[in-house]
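Colleague: sequence and predicted structure below; questions after.
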Amino acid sequence: MPTFSKFITSQRGAQQILDSDGYIYFRKKSSDTPLTSTWRCAKYNPPTKCKCHIYLALADNSLTLGTQPHNHSADGSVPARQEVLLSLKRKAADQLLSATQNLISETLADTAAEVNQTLPNLESLARVVRRSRASSSGSAQHAEATTSEDFILPSTCTSTRRDEPFVLYDGKTDRGLLDV
């Protein structure tokens, strides 16, 4: 019988449960009650199609196994891999001016070799860094601007590395300079 181990965070930021046997579950919100929450095995989707469920008692964090057993073995490297990717995303958001390869090298240097083997390739890790930086700086969240007055630059794009402000020129405006 598995016991509650800890809550972990998925790559996309969703809360998951890691049980004592090493299985990971995600929340099935449509089946929640005031006293329990239902969690589905993270390998529910093809090709594995595991139908195992657990029920988490909200009062004491005890787990009850559903009627279907797991149809696969537990992957012990998944939580460690998720932790490494989350750490890389945090470093990318905090250290916007550090080189991407340096961030990846620093993160992988602190990681066990067994976990490094389960991580995505370097190109994919670089993409994780770029997306994290774009998300944290706000550049990935711009609405479609129709005029130059509608377009607002994120703060990271309005100053140099020495915190000196940019002077922007827009040839389509009467003023010639945009306020930053």
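Modeller: Everything's here; your move.
Colleague: so where's this protein shaky on pLDDT?
Modeller: Within the chain, the set of residues satisfying pLDDT under 70 comprises 138-146, 148-156, 167-180.
Colleague: show me the helices in it, by range?
Modeller: 78-94, 100-109, 113-116, 122-137 (DSSP state H).
Colleague: tell me the most buried of those?
Modeller: Sort those by mean neighbour count, taking mean count of other Cβ atoms under 10 Å, and helix 78-94 sits at the top with a mean of 18. All C-beta spots, glycine's among them, are computed from the backbone N, C-alpha and C.
Colleague: who are the packing partners of that helix?
Modeller: With contacts taken as 3 or more Cβ pairs under 8 Å, 6 or more residues apart in numbering; DSSP states H and E, helix 78-94 sits against strand 4-9, helix 100-109, helix 113-116, helix 122-137.
Colleague: what's the burial count for Y25?
Modeller: Burial measure for Y25: 22 neighbouring residues, criterion other Cβ atoms under 10 Å.
Colleague: measure it to I17 for me?
Modeller: As judged by Cβ to Cβ, to the nearest Å, Y25 and I17 stand 5 Å apart.
Colleague: joint contacts of those two?
Modeller: Residues touching both Y25 and I17 by Cβ atoms under 8 Å, 6 or more residues apart in numbering: 39, 54.
Colleague: hmm, T107 is touching L88, no?
Modeller: Yes. Shown here, T107 and L88 form a contact pair, counting by Cβ atoms under 8 Å, at 4.7 Å.
Colleague: quick revisit: for the helices of the chain, please prepare CSV with the additional fields distance to T147.
Modeller: As requested, the helices of the chain are arranged in CSV below (distance: least, Cβ to Cβ, whole Å):
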stretch, distance to T147
helix 78-94, 30
helix 100-109, 33
helix 113-116, 48
helix 122-137, 22
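Colleague: so which of those is nearest T48?
Modeller: Shortest separation from T48 across the helices of the chain is recorded for helix 78-94, at 12.9 Å, computed as Cβ to Cβ.
Colleague: export that closest one to CSV, keeping only CA atoms.
Modeller: Extracted in CSV, the C-alpha atoms of helix 78-94 (Å, rounded to 0.1, in the frame of the first residue of the first chain):
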residue,chain,number,x,y,z
VAL,A,78,11.2,11.4,-13.1
PRO,A,79,11.0,13.5,-9.9
ALA,A,80,14.8,14.2,-10.1
ARG,A,81,14.5,15.1,-13.8
GLN,A,82,11.5,17.5,-13.0
GLU,A,83,13.5,19.1,-10.2
VAL,A,84,16.5,19.7,-12.6
LEU,A,85,14.2,21.3,-15.2
LEU,A,86,12.5,23.5,-12.7
SER,A,87,15.9,24.6,-11.3
LEU,A,88,17.0,25.4,-14.9
LYS,A,89,13.8,27.5,-15.4
ARG,A,90,14.4,29.4,-12.2
LYS,A,91,18.0,30.2,-13.0
ALA,A,92,17.0,31.3,-16.5
ALA,A,93,14.4,33.7,-15.1
ASP,A,94,16.8,35.1,-12.4
